[in-house]
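1. The following comprises the amino acid sequence and a computationally predicted model.
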Amino acid sequence: MAAVALALAVVAAGSVAVVRLVKSDVQAALPQAHRAVYDLSLDHARSVSEVYGLEGRMVVEWRGGPACDGYTSDQRVVTHSLDSAGGVSLSDVRLNSWEALDGNEFRFDRTEYLDGKLSARESGIVRRKGGKVTLEEPGKELQTLPRDVMFPSAFNMALTTAVLNGKSSFTRLLFDGTQTMVTSVTAFIGKAGAAPTDARSVRIKNRGDGNPLRGAQAWPVRMSYFDQDDGKVDGMPSFEMGFHMFPNGVMSKLSLDYDDVILRGDLAQIEYFRPGSC
């Protein structure tokens, strides 16, 4: 469940450049605070896949802004899958995070359940201070991350800024808590067009606190995530994601491309929160 990012033009500028980018992106493209619900289904299973069927739901909630202490994000993905042998499994992944307004601190907690039993848990704090970025996780050695890495909220605002400025591509380093390594993400941005079908028919709660999607333009975006280990970027993406992005940061018509399956995500519900809601 990751977000998107863009590589700094001058890596040598380090954390100072990141903070400057965060401030400029907040001014240009602060997303709409909202909760979005997506219905997930199996779009395609490759020949190597053991997944025969899949359905589920993803919920993403984002709040915060300059009037708050920072930005909060809560995500949950629940899926039921059927394998080729007829076995059924239930997966439940939850990710909660908080990010400082200036992009200098990020806290995350990720839990994963398989068939109702806890299967994995990761939590940590990333701090940017004195020209260094460090990741602290319970029971592990302190890890140093690249100085130009960005966190999810700053990441998404930078992407929105690039979209609104008419950019066609976008690359940055990302750490979002979905895994314990930095990811290099490249996004390709298409030309704006009509809102996808799911966005035109979606139910919106608290319409008065945000802009309608029906009739609005949306940009098609395709992102590739490349694992980065010891400063080296893998040649093949570990994950790819497609979606349509609206000017307020809401996304629809998701395509989640894993090694063995491609999932479809249709926007089913939206609840807008008041701008600046904490």
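-> Sure, I can see it. This is a predicted model, so every value here is computed, not measured.
2. what's near enough to touch I262?
-> L42, D43, H44, A45, S255, L256 (CB atoms under 8 Å, 6 or more residues apart in numbering). Bear in mind the C-beta positions are built from the backbone N, C-alpha and C, glycine included.
3. what about F155, which helix or strand?
-> With elements delineated by DSSP states H and E, F155 resides in helix 152-164, which encompasses its position.
4. for L173, same thing?
-> Applying DSSP H and E, one finds L173 within strand 169-174.
5. Who are the packing partners of that strand?
-> Here strand 169-174 is seen to pack against helix 152-164, strand 183-189 when contacts are counted using 3 or more CB pairs under 8 Å, 6 or more residues apart in numbering; DSSP states H and E.
6. Turn those into TSV, columns for mean pLDDT.
-> Shown next, in TSV, are the helices and strands packed on strand 169-174 (pLDDT from 0 to 100):
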stretch	mean pLDDT
helix 152-164	91
strand 183-189	94
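7. Out of those, indicate the one that is most buried.
-> Highest mean neighbour count of those: helix 152-164, a mean of 24 (counted as mean count of other CB atoms under 10 Å).
8. how far off strand 169-174 does it point, in degrees?
-> Note on geometry: by axes from the mean of the first three to the mean of the last three CA atoms, to 10 degrees, helix 152-164 and strand 169-174 are set 170 degrees apart in direction.
9. ok and helix 152-164 relative to strand 183-189, angle-wise?
-> For helix 152-164 against strand 183-189, the angle between stretch directions is 30 degrees (the same axes, to 10 degrees).
10. centre of the chain versus the helix holding F155, how much separation?
-> Using CA atoms, centre = their mean, to the nearest Å, the distance from the centre of helix 152-164 to the centre of the chain it belongs to is 11 Å.
11. Can you add distance to Y71 and give the helices and strands packed on strand 169-174 back as CSV?
-> Written out in CSV, the entries for these read as follows (distance: least, CB to CB, whole Å):
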stretch, distance to Y71
helix 152-164, 4
strand 183-189, 18
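12. How many neighbouring residues does K140 have?
-> In terms of burial, K140 registers 11 neighbours under the definition other CB atoms under 10 Å.
13. Show the pLDDT at it.
-> At K140 the predicted local distance difference test score is 93.
14. what's near enough to touch L95?
-> Contacts were defined as CB under 8 Å, 6+ apart; by that measure L95 touches M1, S73, D74, Q75, R76, F108, D109, R110, G177, T178.
15. could you redo the last one with a cut-off of 10 Å?
-> With contacts defined as CB atoms under 10 Å, 6 or more residues apart in numbering, L95 is in contact with 1-2, 60, 73-77, 108-112, 122, 152, 176-178.
16. what about burial for the contacts of I262, which qualify?
-> With neighbours counted using 16 or more other CB atoms under 10 Å, these contain these buried positions: L42, A45, L256.
17. Of those residues, which belong to strands?
-> Judged by DSSP state E, the buried ones among the contacts of I262 include L42, A45, L256 as members of strands.
18. would you turn those into JSON lines with pLDDT and distance to D83?
-> Rendered in JSON lines, the data for these read as follows (pLDDT from 0 to 100; distance: CB to CB, whole Å):
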{"residue": "L42", "pLDDT": "89", "distance to D83": "12"}
{"residue": "A45", "pLDDT": "78", "distance to D83": "10"}
{"residue": "L256", "pLDDT": "92", "distance to D83": "19"}
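19. Out of those, the closest to P247 would be?
-> The closest of those to P247 turns out to be L256 (CB to CB; 23.0 Å).
20. give me every residue that touches that closest one.
-> L256 sits in contact with 1-2, 38, 40, 43, 58, 77, 239-243, 262-265, where contact means CB under 10 Å, 6+ apart.
21. 6 Å instead?
-> For L256, the set of contacting residues under the criterion of CB atoms under 6 Å, 6 or more residues apart in numbering consists of M241, L263.
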